[in-house]
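A.B. asks: Next comes the sequence, and after it the predicted model I'd like to discuss.
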Amino acid sequence: DQQVKQNSPSLSVQEGRISILNCDYTNSMFDYFLWYKKYPAEGPTFLISISSIKDKNEDGRFTVFLNKSAKHLSLHIVPSQPGDSAVYFCAASGGYGGSQGNLIFGKGTKLSVKP
Amino acid sequence: DAGVIQSPRHEVTEMGQEVTLRCKPISGHDYLFWYRQTMMRGLELLIYFNNNVPIDDSGMPEDRFSAKMPNASFSTLKIQPSEPRDSAVYFCASSLGHSPLHFGNGTRLTVT
């Protein structure tokens, strides 16, 4: 039973356009959400996060939106660059005593940005 | 900052053999995590430590798996005996308090 779902295994976008990666969750106790990026043969690297008390967090070209009522979050990358090509993981925590260690990951979305 | 260091990067072993994966967390970090990534289940938390003490090992698949953290700069994940279904990429991660996790580059384990 997946508590964090990324329903699109892959996404292809043209360079300069917007990339939108989606994530759904089922546990209403989650209170902190993160996005990680992963290149082949490397570990995931932290990209951006959002607390459940907010509905938007922005960092440069990356913006994460949280819709608590829909239990949905999305990552927007504008403009997309070829170097953004990677697997993006959505993760959630909370509801387990608050430790961020209990991160529940989605299965990832592979983003390809074409020149 | 060398980041989280894992060794070996690749491990190929035969079923029944003992496997030991190693991790050196970032200096000063007080949390250490072991994750496993498979195609079927994605990234799963196996166990995590706080100040070298195991806090939650509910993700450890079975008694064949054990993890130790003898000091703040070293941790091991051992599988004995190993089975083909243990084949996966094993990641170690560390953090300072509740800051975002820093992952190592993983150990790809293949059990034949």
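C.D. replies: In hand now; what should we look at? Numbering: from 1, shown residues only, chains lettered A, B, ... in the order given.

A.B. asks: and the closest residue to chain B within chain A, what does it touch?
C.D. replies: For chain A, the residue closest to chain B is residue A:43, as judged by Cβ to the nearest Cβ, at 3.1 Å. No exception for glycine: its C-beta is placed from N, CA and C like everyone else's. Taking Cβ atoms under 8 Å, 6 or more residues apart in numbering or on different chains, we find residue A:43 in contact with B:4, B:91, B:93, B:103-106.

A.B. asks: 6 Å instead?
C.D. replies: Residue A:43 makes contacts with B:91, B:103-106, as judged by Cβ atoms under 6 Å, 6 or more residues apart in numbering or on different chains.

A.B. asks: before we move on, what SS does it have?
C.D. replies: coil (DSSP: H, G, I helix; E, B strand; the rest coil).

A.B. asks: Dihedrals phi and psi, residue 55?
C.D. replies: Answering for chain A, as no chain was given. In terms of degrees, to the nearest 10, the main-chain angles of residue A:55 are phi -120, psi 0.

A.B. asks: Next one: it, what pLDDT does it get?
C.D. replies: Looking at residue A:55, its pLDDT is 95.

A.B. asks: swap in residue A:80?
C.D. replies: 98.

A.B. asks: Do I have it right that it meets residue A:115?
C.D. replies: No: counting by Cβ atoms under 6 Å, residue A:80 does not reach residue A:115; the two are 10.6 Å apart.

A.B. asks: between these two, which one's more packed in?
C.D. replies: Applying other Cβ atoms under 10 Å in any protein chain shown to residue A:80 and residue A:115 shows that residue A:80 carries more neighbours, namely 23 against 7.

A.B. asks: check contacts around the more buried one.
C.D. replies: Here residue A:80 is in contact with A:13, A:17, A:19, A:113 (Cβ under 6 Å, 6+ apart).

A.B. asks: And the average pLDDT for stretch B:93-112 is what?
C.D. replies: 93.

A.B. asks: Could you check that stretch and say which residues are buried?
C.D. replies: Of all the residues in stretch B:93-112, those buried under the rule 16 or more other Cβ atoms under 10 Å in any protein chain shown are B:93-95, B:100-109, B:111.

A.B. asks: Show me which pair in those residues is furthest apart.
C.D. replies: B:100 and B:111 (31.3 Å; Cβ to Cβ).

A.B. asks: Neighbouring strands - and their directions - for the helix or strand harbouring residue B:34?
C.D. replies: According to DSSP states H and E, residue B:34 maps onto strand B:31-38. Paired neighbours of strand B:31-38 in the sheet (DSSP bridges): strand B:42-50 (antiparallel), strand B:88-95 (antiparallel).

A.B. asks: chain center to the last one: distance?
C.D. replies: Meaning strand B:88-95. 5 Å (Cα atoms, centre = their mean, to the nearest Å).

A.B. asks: Tell me where the model's unsure across chain A.
C.D. replies: A:95-101 (pLDDT under 70).

A.B. asks: give the contact list for residue B:52.
C.D. replies: Residue B:52 touches B:69, B:72, counting by Cβ under 6 Å, 6+ apart.

A.B. asks: Now do the same for it: its pLDDT.
C.D. replies: 95.

A.B. asks: State which one residue of chain B is found closest to chain A.
C.D. replies: Chain A sits closest to residue B:103 of chain B, with a gap of 3.1 Å, by Cβ to the nearest Cβ.
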